[in-house]
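A.B. asks: Provided below are the primary sequence and the corresponding predicted coordinates.
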Amino acid sequence: MTLHPTALLADLIPLLGAAHVLTGPDTDRYTHDWTGKYTAQPCAVARPANTEQVAACLRLASQHGIPVVPVSGNTGLTGATYTNGGLMISLERLNRIHRVNPAARTAHVDAGVILSALHQAAAQHGLYFPLWFGAKGSAMIGGALSTNAGGSNVLRYGSTRSLCLGLEVVLADGRILNLMSELHKDNSGYDLKDLFIGAEGTLGIITAAVVKLVPAPRAHATASLALTRLTDALTVLNQLQETTGGLVEAFEFMPASYSQRLQQVRPDLGQPFATIPPVTILVELGATAPDLTTALPDGTVPLTTLLQTTLAQALDQGLIQDAVIAQTEAQRSAMWARREAAAEITFAVKPFIDTDIAVPLDRAQDFLTALDARLPAIDPGASTLVVAHLGDGNLHVTVFPTPSQAAPDQIDRITALIEDVVQDLSGSFSAEHGVGLSKLPSMARRKSPVALDVMRAIKAALDPQNLMNPGKVIPSGQSE
């Protein structure tokens with residue numbers, strides 16, 4: 001189909017106003033993702049102010065045969081917002097928090113609401129939206145839903161899909177699909193909202209959502225743990241869950257190589273231990289019950305005491321070698337800053353191969369051992385950097401290939417090796433970042449051919465012109 005972007009722009013400007021139809025250099029801030037690997041070249045960036053304008057934009061794009069790529073905070077890592085000549089639709093002006101319902105513990109929000117803004121709005125009612133990751137200050141709800149984002153609190157609260165009750169979606173032909181249910185139970189046919197969560201804008205554009213809120217923890221207990229063996233970490237996690245009644249909100253893994261890189265790139269963040277241990281775990285408990293969160297006359301908080309007692313038992317058992325428990329909010333923030341610097345210290349070195357895999361909880365060490373054993377056969381000079389949401393089995397594994405050998409076919413071989421190890425352990429090559437462009441080869445190699453056929457059928461039914469974020473998520477042709 002011949003593209004007619006000039007005619008499209010002529011129709012968009014009266015609809016949105018010239019200030020909200022950006023072209024040329026004005027689009028620069030929308031064209032780069034965090035990795036710097038993908039640089040988009042849109043014909044324009046449209047900035048609609050409401051759902052009706054989004055729908056009108058999609059009708060015009062369909063009329064003119066122009067592909068559409070939705071963009072939120074653009075904090076993705078897989079090239080999902082790349083386009084060459086398509087129309088980017090930014091959701092940034094759809095940024096209203098329409099309602100926080102404390103009684104039902106829900107919020108009705110636009111897709112352009114920044115994650116930290118929802119955190120602040122919920123906090124005013126003593127509530128919390130339990131989706132937490134490093135990009136919370138710029139990532140938007142629509143993007144989090146479109147990628148089914150995870151983060152540090154998935155262990156306790158689940159990924160974004162688990163936190164969503166209802167959606168509003170604009171379909172490829174401009175129709176508005178209202179799924180804005182506040183119900184926790186609804187068995188009236190297919191659960192259509194789940195089609196769009198994690199679809200990365202390939203089936204429609206999410207414009208609003210009803211999300212779940214939880215009581216904000218009245219106290220946290222946070223600690224850095226030093227371990228000799230990663231295999232002991234799961235035992236510590238299970239003991240903490242049993243002792244606290246499931247209050248573990250985060251259980252993050254940082255191996256010695258991560259801590260060493262952190263020391264080199266961000267020495268200002270410090271280290272929790274005088275000597276970097278083989279394994280560092282960041283653990284955090286959160287509680288609301290007064291008997292755990294009310295400070296005693298001596299100033300101690302029972303939740304922190306509970307953590308200290310449980311860790312002392314683990315120390316006696318030889319499961320951990322040392323522990324530092326945060327005594328102030330500043331100390332807690334410092335512990336989290338070390339973990340949340342992961343993207344900064346990873347992307348500081350190029351070239352890199354960024355992956356986010358998932359394995360069963362008890363197979364993390366098996367994965368690392370197998371990768372270390374098999375990687376030198378492909379690239380003897382390659383190094384790795386790992387950081388993990390260990391409590392849900394999600395490992396972020398970055399490989400730094402030998403620069404002189406970082407040709408595309410070599411990168412593909414290394415990626416395929418990682419997939420091989422993951423598949424041997426019954427894991428997934430994609431845990432929380434989505435697929436975008438970067439994981440299309442993995443989808444072709446590893447996704448069930450039947451599953452791909454079903455995905456293509458759904459795509460064709462909802463987007464027969466293939467205009468919604470084309471070329472993402474679903475590999476073209478037959479799977480390999």
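C.D. replies: Thanks, I have the structure now.

A.B. asks: tell me which helix or strand in this protein has the weakest average pLDDT.
C.D. replies: In the chain, no helix or strand scores lower on mean pLDDT, DSSP states H and E than helix 342-346, which sits at a mean of 90.

A.B. asks: and that helix, how far from the chain's centre?
C.D. replies: In this view, helix 342-346 has its centroid 15 Å away from the chain centroid, taken as C-alpha atoms, centre = their mean, to the nearest Å.

A.B. asks: one more: stretch 66-84?
C.D. replies: That offset, for stretch 66-84, works out to 15 Å (C-alpha atoms, centre = their mean).

A.B. asks: in it, which residues are buried?
C.D. replies: Buried residues in stretch 66-84, defined by neighbour count with 16 or more other C-beta atoms under 10 Å: 66-83. Backbone N, C-alpha and C define where each C-beta goes, glycine included.

A.B. asks: so which of the residues you listed belong to helices?
C.D. replies: The members of the buried residues of stretch 66-84 all map outside helices under DSSP state H.

A.B. asks: quick revisit: for the next helix-or-strand element following the least confident helix or strand of the chain, the distance to its chain's centre please.
C.D. replies: Using DSSP states H and E, the helix or strand that directly follows helix 342-346 along the chain is strand 353-358. Relative to its parent chain, strand 353-358 has a centroid offset of 12 Å by C-alpha atoms, centre = their mean.

A.B. asks: just checking, next helix/strand downstream of strand 353-358?
C.D. replies: Counting by DSSP H and E, the element after strand 353-358 in chain order, helix or strand, is helix 364-378.

A.B. asks: buried sites along that following helix?
C.D. replies: Buried residues in helix 364-378, counted by 16+ other C-beta under 10 Å: A364, Q365, D366, F367, L368, A370, L371, L375.

A.B. asks: one more: stretch 406-416?
C.D. replies: Within stretch 406-416, the residues scored as buried using 16+ other C-beta under 10 Å are A406, Q410, I411, I414, T415.

A.B. asks: what sits up against that stretch?
C.D. replies: For stretch 406-416, contacts defined as C-beta atoms under 8 Å, 6 or more residues apart in numbering pick out P351, I353, T355, L375, I378, D379, A382, V399, P401, P441, S442, R445.

A.B. asks: E340: which of the residues you listed is nearest?
C.D. replies: Nearest to E340 out of the contacts of stretch 406-416 is T355 (C-beta to C-beta; 19.0 Å).

A.B. asks: how about the residue lying farthest from the centre of the chain, what does it touch?
C.D. replies: In terms of distance from the mean C-alpha position of the chain, P297 ranks first, at 41.2 Å (C-alpha atoms, centre = their mean). Shown in contact with P297 (C-beta under 8 Å, 6+ apart): no residues.

A.B. asks: that one: which element?
C.D. replies: P297 is part of no helix or strand, with elements assigned from DSSP H and E.

A.B. asks: for A219, see how far away it is.
C.D. replies: Distance of P297 to A219, computed by C-beta to C-beta, to the nearest Å: 16 Å.

A.B. asks: quick one: residues contacting L203.
C.D. replies: When contacts are counted by C-beta under 8 Å, 6+ apart, L203 is found next to V169, L171, A172, L195, F196, I458, K459, L462, D463, M468.

A.B. asks: try 7 Å
C.D. replies: Neighbouring residues of L203 by C-beta atoms under 7 Å, 6 or more residues apart in numbering: L195, F196, I458, K459, L462, D463, M468.

A.B. asks: adding distance to H389, write those residues out as a markdown table.
C.D. replies: Shown next, in a markdown table, are those (distance: C-beta to C-beta, whole Å):
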| residue | distance to H389 |
| --- | --- |
| L195 | 25 |
| F196 | 24 |
| I458 | 29 |
| K459 | 30 |
| L462 | 32 |
| D463 | 32 |
| M468 | 30 |
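
A.B. asks: nearest to S90, of the residues you listed?
C.D. replies: M468 (15.5 Å).

A.B. asks: I'd say the closest one and G204 touch.
C.D. replies: Yes - the criterion here is C-beta atoms under 7 Å, and M468 meets it with G204 at 6.5 Å.

A.B. asks: scan the chain for its longest helix.
C.D. replies: Of all the segments of type helix in the chain, defined by DSSP H, the longest one is helix 408-424.

A.B. asks: skip ahead from that one and say which helix or strand is next.
C.D. replies: Next along from helix 408-424, by DSSP H and E: helix 440-446.

A.B. asks: quick check: mean pLDDT of that following helix?
C.D. replies: Helix 440-446 shows a mean pLDDT of 95 in the predicted model.

A.B. asks: what residues does that helix touch?
C.D. replies: Here helix 440-446 makes contact (C-beta under 7 Å, 6+ apart) with D412, T415, A416, E419, Q423, F429, V435, P475, S479, E480.

A.B. asks: PyMOL command for the buried members of those?
C.D. replies: The buried residues among the contacts of helix 440-446 can be selected in PyMOL (16+ other C-beta under 10 Å) with this line:
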select buried, resi 415+419+429+435+475+479
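
A.B. asks: give me the lowest-pLDDT entry from the contacts of helix 440-446.
C.D. replies: Scoring the contacts of helix 440-446 by pLDDT puts E480 last, at 32.

A.B. asks: picking up where we left off before, quick one: the longest helix of the chain to chain centroid distance?
C.D. replies: 22 Å.

A.B. asks: can you check stretch 203-221 too?
C.D. replies: 14 Å.

A.B. asks: give the buried residues for it.
C.D. replies: For stretch 203-221, the neighbour count (16+ other C-beta under 10 Å) marks 203-214, 216-221 as buried.

A.B. asks: and what about R456, helix, strand or coil?
C.D. replies: What DSSP: H, G, I helix; E, B strand; the rest coil gives for R456 is helix.

A.B. asks: that one touches V473, doesn't it?
C.D. replies: No - using C-beta under 7 Å, R456 makes no contact with V473, being 10.4 Å away.

A.B. asks: so between those two, which is more surrounded?
C.D. replies: V473 (23 against 16; other C-beta atoms under 10 Å).

A.B. asks: ok, that one to Q317 distance?
C.D. replies: Distance, V473 to Q317, by C-beta to C-beta: 45 Å.

A.B. asks: which stretches in the stretch 1-150 of the chain count as strands?
C.D. replies: Secondary structure of the stretch 1-150 of the chain by DSSP state E, counting those that start in this stretch: the strands cover 21-22, 44-46, 68-71, 87-90, 97-101, 106-110, 127-128.

A.B. asks: before we move on, what about the stretch 201-350 of the chain?
C.D. replies: Along the stretch 201-350 of the chain, counting by DSSP E, counting those that start in this stretch, strands occupy 204-212, 214-215, 219-227, 248-255, 279-287, 322-325.

A.B. asks: direction included, what does the last one pair against?
C.D. replies: It stands for strand 322-325. Sheet pairing for strand 322-325, assigned by DSSP bridges, gives strand 219-227 (antiparallel).

A.B. asks: so what's the spatially most central residue of the chain closest to, chain neighbours aside?
C.D. replies: By C-alpha atoms, centre = their mean, the mean C-alpha position of the chain lies nearest to A149, the distance being 3.3 Å. Nearest residue to A149, sequence neighbours excluded (C-beta to C-beta, 6 or more residues apart in numbering): T160, at 5.0 Å.

A.B. asks: let me see the contact set for that neighbour.
C.D. replies: By C-beta under 7 Å, 6+ apart, T160 lies in contact with L131, A144, L145, N148, A149, I197.
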